[in-house]
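Colleague: Let's see this in three dimensions:
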Amino acid sequence: MSTAQGLADGFRERFGRAPSGVWSAPGRFNLVGEHTDYNGGFCLPVPLDRRTWVAAAPRDDGRLRMVSLDVPGEVDVRLDEVTAHRPGGWGAYAAGVLWALRRAGLPVRGVDMLIGSDLLIGAGLSSSAALECSVAAAASDLFGLGLLADDAGRVALAVHCQTAENEIAQAPTGGVDQTSALRGVKGHALLIDFLNRTLRPVPYDPASAGVGVLILDTRTRHSLSAGHFGDRHAECDRAAVLLGVDLLRRVGVDELPAAEARLDDVLFRRLRHVVTENARAVRMADDLEAGDWRAVAEGMTAAHVSMRDDLEVSVPQIDLAVGTAIGAGAWGARLVGGGFGGCVMAVVPLDLVGGV
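Modeller: Below is the predicted model of the structure:
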């Protein structure tokens, strides 16, 4: 991936002028907490050291001209023409952020942008959110919005990025990716409570326990805007309505037996995943603070079983990779991201890393 200076040089070559600056945002992986954010639950993400960068400069004519180093072609659209799936593809995520900021009444204008990334796309590492958040950071500085100055501003930026993803890219995601990218703390996981978007930084230091957390690329790709992710969101919403709650977060583990009598098998299994995943996230944060990586790894494997059997978002290639990693000595492993492809995460003793 190009350095910030390399991206700035590329911007000059492409647009014939210097950028106003270069901004970036990281990807993330969730230790645990999948499909819980949009249910008002808990997530435990860790920001990655891989990022998306944006070199940008403002325009006065309302045009958005966007070029990616990773995808051929140029996106050229007026800000007042941005709507659902227009532009399509990756352009929806970038243009959608500017659209969301403008809809909120903020003084956003046109922009030229050159985008580069070293994140795998469609691998469950939040490449789309890293793009959104790097664009949001650029817009905040370019147009004097001041939203990077404090945590309240970063909360607002994360919400605007989620709005862009939901309404322009039409991906019904819940906000964990944007929160991690904009509010992450170096050397920490974040226990995020999506009832109120509060967070608790938790020390993240696997090496001190003699283990590494490996991200294994299965080369199966997914799309958040594809139908299956939305299906799970809709199923959770339906279960909440039938149980008479606004969010599945309101249901506790001890209430599962009574809930089972009120839901069909599919909806009950979706509920059981959310309820037990919330409990796993809170427990895993405590395990991290205690340095108990055996328990962390066991929680990961339990989360994978829940995603495979109750949420039904795994695929055979992912299950094979999880089983292979554990068979090679990993203490635990699971699917990374929202499912239907992507990467596997494994906790592995450092002396076994080469074999996994």
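
Colleague: gap between Ser126 and Leu119?
Modeller: Distance, Ser126 to Leu119, by C-beta to C-beta, to the nearest Å: 8 Å. For every residue, glycine as well, the C-beta is placed using N, CA and C.

Colleague: Neighbour count: the two, which is higher?
Modeller: The neighbour comparison of Ser126 against Leu119 (other C-beta atoms under 10 Å) goes to Ser126, with 32 against 23.

Colleague: Give the burial count for Asp60, as a bare number.
Modeller: Using other C-beta under 10 Å, Asp60 is surrounded by 7 other residues.

Colleague: Name the nearest residue to it, sequence neighbours excluded.
Modeller: Leaving aside its chain neighbours, Asp60 sits nearest to Arg109 (6.2 Å; criterion: C-beta to C-beta, 6 or more residues apart in numbering).

Colleague: show me what contacts that neighbour?
Modeller: For Arg109, the set of contacting residues under the criterion of C-beta atoms under 8 Å, 6 or more residues apart in numbering consists of 58-60, 62, 79, 143.

Colleague: swap in Leu142?
Modeller: Shown here is Leu142, whose contacts under the criterion C-beta under 8 Å, 6+ apart are 20-21, 56-58, 111.

Colleague: which strand in this structure runs the most residues?
Modeller: Secondary structure of the chain per DSSP state E: the longest strand is strand 42-59.

Colleague: For the helix or strand following that strand, what does the pLDDT average out to?
Modeller: Toward the C-terminus, strand 42-59 is succeeded by strand 63-68 as the next helix or strand (DSSP states H and E). Taken as a whole, strand 63-68 has a mean pLDDT of 98.

Colleague: and strand 63-68, what does it pack onto?
Modeller: Using 3 or more C-beta pairs under 8 Å, 6 or more residues apart in numbering; DSSP states H and E as the contact criterion, the neighbours of strand 63-68 among helices and strands are strand 74-78, helix 90-103, strand 110-117.

Colleague: Give me the phi and psi angles of the closest residue to Phe229 other than its chain neighbours.
Modeller: Here the nearest residue to Phe229 in space, its sequence neighbours aside, is Gly338; by C-beta to C-beta, 6+ apart that works out to 5.5 Å. The phi and psi values for Gly338, taken as degrees, to the nearest 10, are phi -80, psi -10.

Colleague: separation between Gly338 and Leu311?
Modeller: From Gly338 across to Leu311, the span is 10 Å (C-beta to C-beta).

Colleague: And those two? Which one has more around it.
Modeller: Gly338 (26 against 23).

Colleague: pLDDT averaged over the top helix by length along the chain - what is it?
Modeller: Scanning the chain for the longest helix, with DSSP state H as the assignment, gives helix 265-290. For helix 265-290, the per-residue pLDDT values average out at 98.

Colleague: Which SSE is immediately downstream of it?
Modeller: Heading C-terminal from helix 265-290, the first helix or strand you meet, by DSSP H and E, is helix 293-309.

Colleague: Fine, thanks again, bye for now.
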